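> need the 3D shape of this:
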Amino acid sequence: MQIPENRIQRNQDRKGIEGAIAAGAGLFAYILWLADPGVVLAKATEVGAAGVCVILGVYLAVFVVDSLSWHLTLVTVPVTLPWIYRSWKVRMVGEAFNMVLPAGGMGGEPVKAMLLKHRHGLEYREGIASLILAKTINLIGLVVFLGIGFGLVLLQPAVPASLTTTAGVGAGVFTVAIAGFFAVQRWQVTSRIGNRLSRMKANRSVRTMLDSLTDMDHRLMAFYTGARRRFVLALFLATGNWVLGAVQIYYAARFLGSAIPLTDAWIIEAMVQMVRAGTFFIPASVGAQEGIFWAICTGLGLPASSAMAIAVLRRGQEIVWIVWGLLLGVTIPGQKFARCTRRQ
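Model (predicted):
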């Protein structure tokens with residue numbers, strides 16, 4: 001019996017994902033073994049209750065700022081506290097899926113679009129457009145953050161030359177990719193190609209798809225040109241959001257008794273985010289994230305136990321947020337967008 005080709009492909013994809021997870025988990029375990037698990041866990045507990053509250057508080061601020069940045073792209077929704085709270089809950093649920101699915105941080109985006117549609121009455125096209133805008137703005141903010149981070153790397157002689165070169169190449173490739181992604185939206189490249197294709201003979205389903213792409217381009221263009229204040233504010237918030245990640249590392253190191261300058265925390269966070277972007281095919285970048293924490297933190301003079309303790313604390317907070325996000329997914333009330341808008 002001949003096995004369907006799509007089933008073979010699915011099996012291959014599953015094996016690839018399982019292999020990536022196994023490799024990442026193995027790397028995580030190896031690095032933890034090198035640092036001595038007992039010492040690392042003992043070090044992590046030194047952060048204390050106050051330290052845990054501060055770290056989780058900063059992470060909560062990250063999600064709040066991120067949600068507000070995304071909310072600004074929903075141009076038909078009022079910027080009010082009740083609606084920002086709703087956006088935050090939807091984003092929490094979607095990001096929980098983004099963290100665990102090997103889809104380059106995109107696995108939870110369909111979940112967000114469905115929640116906006118079924119729980120808050122926003123049509124799919126508006127929800128998807130806002131998600132594309134939010135992702136673009138977030139990535140542009142990351143480019144700014146990484147650019148400053150690379151400048152700090154050049155000024156930090158303690159960083160190994162190999163990591164400096166890797167950071168430079170990674171930041172350059174990432175910047176070009178994001179610039180191209182933004183240019184495609186800003187200059188409506190998809191619509192232009194679609195218009196050319198529409199002149200050719202095509203069936204109804206193809207024409208419907210082309211019409212949808214054109215409509216999406218118009219929505220993106222309308223935001224970039226007609227809602228510039230929202231765009232600038234959203235970009236400012238998105239950039240600041242990445243800075244909060246560095247602030248979190250700064251406080252984590254401080255509570256662990258290995259205080260570092262904020263500039264070093266910025267370098268660490270920038271390198272971590274570059275590695276996460278490059279290992280999108282591994283759920284939550286397991287192993288890769290710990291590896292870069294080990295390399296860059298020890299390179300900057302932190303003890304190996306402190307480096308891994310920070311990595312473990314980062315994983316701990318991610319688990320808390322994944323669980324919280326999944327729990328919120330079953331508690332979001334099924335309110336309608338029009339009704340909520342009239343109430344505000």
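> and the helices in the protein?
5-35, 37-45, 48-71, 81-100, 109-120, 124-155, 161-186, 189-198, 204-226, 228-255, 262-278, 288-299, 304-328, 337-343 (DSSP state H).
> can I get those helices in CSV including mean neighbour count?
All C-beta atoms are positioned from the backbone trio N, CA, C, and that covers glycine. Putting the helices of the chain into CSV (neighbours: other CB atoms under 10 Å) gives the following:
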stretch, mean neighbour count
helix 5-35, 13
helix 37-45, 16
helix 48-71, 18
helix 81-100, 20
helix 109-120, 20
helix 124-155, 20
helix 161-186, 15
helix 189-198, 14
helix 204-226, 15
helix 228-255, 19
helix 262-278, 22
helix 288-299, 22
helix 304-328, 19
helix 337-343, 13
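> okay if I get those as TSV plus mean pLDDT?
Converted to TSV, these look like this (pLDDT from 0 to 100):
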stretch	mean pLDDT
helix 5-35	65
helix 37-45	83
helix 48-71	92
helix 81-100	88
helix 109-120	86
helix 124-155	89
helix 161-186	77
helix 189-198	61
helix 204-226	71
helix 228-255	94
helix 262-278	90
helix 288-299	86
helix 304-328	89
helix 337-343	42
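> find the nearest non-adjacent residue to Gly149, please.
Ala270 (2.8 Å; CB to CB, 6 or more residues apart in numbering).
> isn't that neighbour right up against Phe145?
Yes - counting by CB atoms under 8 Å, Phe145 is a contact partner of Ala270 at 6.4 Å.
> got the phi/psi numbers for Ala158?
Ala158 adopts backbone torsions of phi -70, psi -20, taken as degrees, to the nearest 10.
> so it touches Gly301, yeah?
Yes - between Ala158 and Gly301 a contact is recorded at 6.1 Å, counting by CB under 8 Å.
> against Gly108, how distant is Leu101?
Using CB to CB, to the nearest Å, one gets 7 Å for the distance from Leu101 to Gly108.
> hang on, I meant Ala22
As judged by CB to CB, Ala22 and Gly108 stand 23 Å apart.
> same thing with Gly301?
37 Å.
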